[in-house]
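Peer 1: okay, sequence plus prediction incoming.
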Amino acid sequence: MRKIIGLVSVLLVVCIGFSVIGCSRRGGASGSGREITLVSNKIEIDEALKGYAAVYERQTGVRVTIRSFGGETPYAPNIAAMFNSGTEPELFVIEGKAGYEDAKRSGRIADLSNEPWVRDTDVAYVDPADGKIIGFPVAIEGWGLGYNKELLARTGVDPNTLTSVSAIRAAFERIDAQKDQLGLDAVVSMVAGPGMTWVTGLHGVNAYLTLGLPYNDSTRLIDMMLNGQVDNPRLTRFAEYYNLLFRYANRNTLLTGGYDQQLGDYAIGRTVFIHQGNWVDPTFKDLGITFEMGYVPHAYLNETTDGIFVGAPSWYLVNARASAEGIEEAKKFLIAMASTPEGHDYMVNKAGMVPAFKSVTLSPEGQFSRAVQEWSSQGKIYAWQQNEMPDGFGMNTLGPVFHQMASGQIDPQGFVRLFTNAVSEIR
């Protein structure tokens, strides 16, 4: 089980020294003959990452070749194909347990415990086998129930009160009664159809796994799941809440809409809420959205749960099967990214990410990213555990169960039954 170090804390100024010394010869095309390759799983930041690689090459003479997969060219099969062909990039990405286990099994994990950036982050990836630091966090991401501040204010609902399921239910009912007056199609922009099961089967399931639990002590439910068990009362409340989201969503978007349609409904003011994370900020920037946004909790419990889900969604690993020179250059590249003004500028201003390093004093431009940073700085966060599920279990097995409830084929009790049966088969 992945363990996350510490708690995401308020951004503080921490000084990390940056040193680029020594050289290696790998016959690359750069002027110095030094070259490494980084394989990314975020196609959205490909341009920004390549821009930073160019800056780094000008500073150090080391060429960093970026290869990005995502969208219609999924990362996992492509990185597997590279490895199978004998290509060993110096840096590649894992997203959780499945990626860790593959990298461990194939001997592609280098020890990063002594790297200077380790003390500057709370979300490095720790090898559960020996406690060594092995993963450099790409960024921090977060999600809650996003809302349009202007529209919500017009309904007379105070977002600060939406910290329990009874408050959310009452707010949905109130807003639904004002749909015509506000020009709304639905209360919440939600998707549960084919191709969007990552929204429900991954992020949605994480709400079941960690809501209301202490950040550093939140493995009880994922441990139960991996042992084929569920917390039935909690799962029932969770199912009832997602059924509530489905009931107050635009049915067409809910059952057949894709990513663009979900974001579009919210972007043009046809819904007050949206079930998405801060990774949507670049798209909203491109759409020219100017209205203010924020997050409230997915508070499906009766008790108050005042927090959103925040974690590192992916980590860069240094490939232990690369050359010794390549490993050292890869480590230096990560040091630079974490500790230099150019690295900070890339992460925040160019890639629009919430940085995982406390020494970064820049604030992201995107409104949801700023909201994630604010919730994190207050310590009002719950962990990410969805990537600890078996590979494909969330999207391929649990995702369709959400779709059945969204389409009315099953009720919350049926959802609990199918979810429980699926989990029982894990072992």
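Peer 2: Cool, the structure landed.

Peer 1: how far out from the middle of the chain is the host helix or strand of residue 82?
Peer 2: Per DSSP states H and E: residue 82 is located in helix 75-84. Helix 75-84 sits 21 Å away from the centroid of its parent chain (C-alpha atoms, centre = their mean, to the nearest Å).

Peer 1: go ahead and confirm residue 367 touches residue 285.
Peer 2: No. In this structure, residue 367 is not within contact of residue 285 by C-beta atoms under 8 Å, at 9.5 Å. Glycine gets a C-beta too; all of them are placed from N, C-alpha and C.

Peer 1: with neighbour numbers in mind, choose between these two.
Peer 2: Applying other C-beta atoms under 10 Å to residue 367 and residue 285 shows that residue 367 carries more neighbours, namely 22 against 13.

Peer 1: tell me who's in contact with the residue nearest to that one when sequence neighbours are not counted.
Peer 2: Spatial nearest neighbour of residue 367, chain neighbours left out: residue 293 (4.4 Å); criterion: C-beta to C-beta, 6 or more residues apart in numbering. Applying C-beta atoms under 8 Å, 6 or more residues apart in numbering to residue 293 gives the contacts 146, 147, 148, 149, 367, 368, 371.

Peer 1: so in terms of bridging, what pairs with residue 293?
Peer 2: On the basis of DSSP bridges, residue 293 is bridged to residue 148.

Peer 1: just for the chain, where's the confidence low?
Peer 2: Scanning the chain for pLDDT under 70 picks out 1-33, 71-72.

Peer 1: what segments of it are strands?
Peer 2: Under the criterion DSSP state E, strands of the chain are mapped to 3-4, 34-40, 62-68, 91-94, 125-126, 133-137, 141-148, 188-189, 273-277, 293-296, 308-311, 315-318, 381-382.

Peer 1: adding distance to residue 240, write these out as CSV.
Peer 2: Converted to CSV, these look like this (distance: least, C-beta to C-beta, whole Å):
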stretch, distance to residue 240
strand 3-4, 29
strand 34-40, 39
strand 62-68, 40
strand 91-94, 34
strand 125-126, 34
strand 133-137, 34
strand 141-148, 15
strand 188-189, 15
strand 273-277, 16
strand 293-296, 18
strand 308-311, 19
strand 315-318, 35
strand 381-382, 19
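
Peer 1: and stretch 123-130, how far out from the chain middle?
Peer 2: 18 Å.

Peer 1: what's the span of that stretch from first residue to last?
Peer 2: Stretch 123-130 has an end-to-end distance of 17 Å (C-alpha to C-alpha, to the nearest Å).

Peer 1: hmm, back to that, nearest to residue 42 among the contacts of residue 293?
Peer 2: residue 368 (16.2 Å; C-beta to C-beta).

Peer 1: out of the strands of the chain, which is the most enclosed?
Peer 2: strand 188-189 (a mean of 28; mean count of other C-beta atoms under 10 Å).

Peer 1: counting contacts, what elements does whichever helix or strand comes after that one pack onto?
Peer 2: Beyond strand 188-189 on the C-terminal side, the first helix or strand identified by DSSP H and E is helix 197. Packing partners of helix 197 (3 or more C-beta pairs under 8 Å, 6 or more residues apart in numbering; DSSP states H and E): helix 399-406.

Peer 1: how much space between residue 84 and residue 106?
Peer 2: From residue 84 across to residue 106, the span is 10 Å (C-beta to C-beta, to the nearest Å).

Peer 1: now do residue 221
Peer 2: Counting by C-beta to C-beta, the gap from residue 221 to residue 106 is 30 Å.

Peer 1: who has more neighbours, the two?
Peer 2: Taking other C-beta under 10 Å, residue 221 and residue 106 do not tie; residue 221 has more neighbours (21 against 12).

Peer 1: the more buried one reaches residue 386, doesn't it?
Peer 2: No. Between residue 221 and residue 386 there is no contact under C-beta under 8 Å: 11.1 Å.

Peer 1: what touches both of those two?
Peer 2: residue 209.

Peer 1: helices of the stretch 251-400 of the chain, residue ranges please.
Peer 2: 251-256, 259-267, 281-286, 324-339, 341-345, 367-377, 399-406 (DSSP state H, counting those that start in this stretch).

Peer 1: if we can go back for a sec, between the contacts of residue 293, which is closest to residue 321?
Peer 2: Closest to residue 321, out of all of the contacts of residue 293 and judged by C-beta to C-beta, is residue 368, at 37.6 Å.

Peer 1: any idea how far the residue lying closest to that closest one once chain neighbours are set aside is from residue 346?
Peer 2: Spatial nearest neighbour of residue 368, excluding adjacent residues (C-beta to C-beta, 6+ apart): residue 278 at 3.9 Å. Between residue 278 and residue 346 the distance is 17 Å, computed by C-beta to C-beta.

Peer 1: for the two, indicate the residue with more neighbours.
Peer 2: residue 278 (29 against 23).

Peer 1: mind checking how far that one is from residue 140?
Peer 2: For residue 278, the distance to residue 140 - C-beta to C-beta - is 9 Å.

Peer 1: same check on residue 96?
Peer 2: According to C-beta to C-beta, residue 96 stands 15 Å off from residue 140.

Peer 1: the residue nearest to residue 375 when sequence neighbours are not counted bridge partners, please.
Peer 2: Leaving aside its sequence neighbours, residue 375 sits nearest to residue 308 (C-beta to C-beta, 6+ apart; 5.0 Å). Going by DSSP bridges, residue 308 is paired in beta bridges with residue 381.

Peer 1: for residue 126, which of the helices of the stretch 251-400 of the chain is the nearest?
Peer 2: Nearest of the helices of the stretch 251-400 of the chain (C-beta to C-beta): helix 324-339, 16.3 Å.

Peer 1: for that closest one, name the packing helices and strands.
Peer 2: So helix 324-339, by 3+ C-beta pairs under 8 Å, 6+ apart, packs with strand 34-40, helix 46-60, strand 62-68, strand 91-94, strand 315-318, helix 341-345.

Peer 1: could those go into TSV alongside distance to residue 378?
Peer 2: TSV is the format used below for those (distance: least, C-beta to C-beta, whole Å):
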stretch	distance to residue 378
strand 34-40	31
helix 46-60	28
strand 62-68	33
strand 91-94	29
strand 315-318	25
helix 341-345	22
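
Peer 1: out of the ones you listed, the one nearest residue 163 is which?
Peer 2: strand 315-318 (31.2 Å).

Peer 1: ok, residue 69 - contacts?
Peer 2: Counting by C-beta under 8 Å, 6+ apart, residue 69 makes contact with 39, 40, 41, 43, 75, 78, 79.

Peer 1: repeat that for 10 Å
Peer 2: Residue 69 is in contact with 39-43, 46, 75-79, 81-82, 93, counting by C-beta atoms under 10 Å, 6 or more residues apart in numbering.
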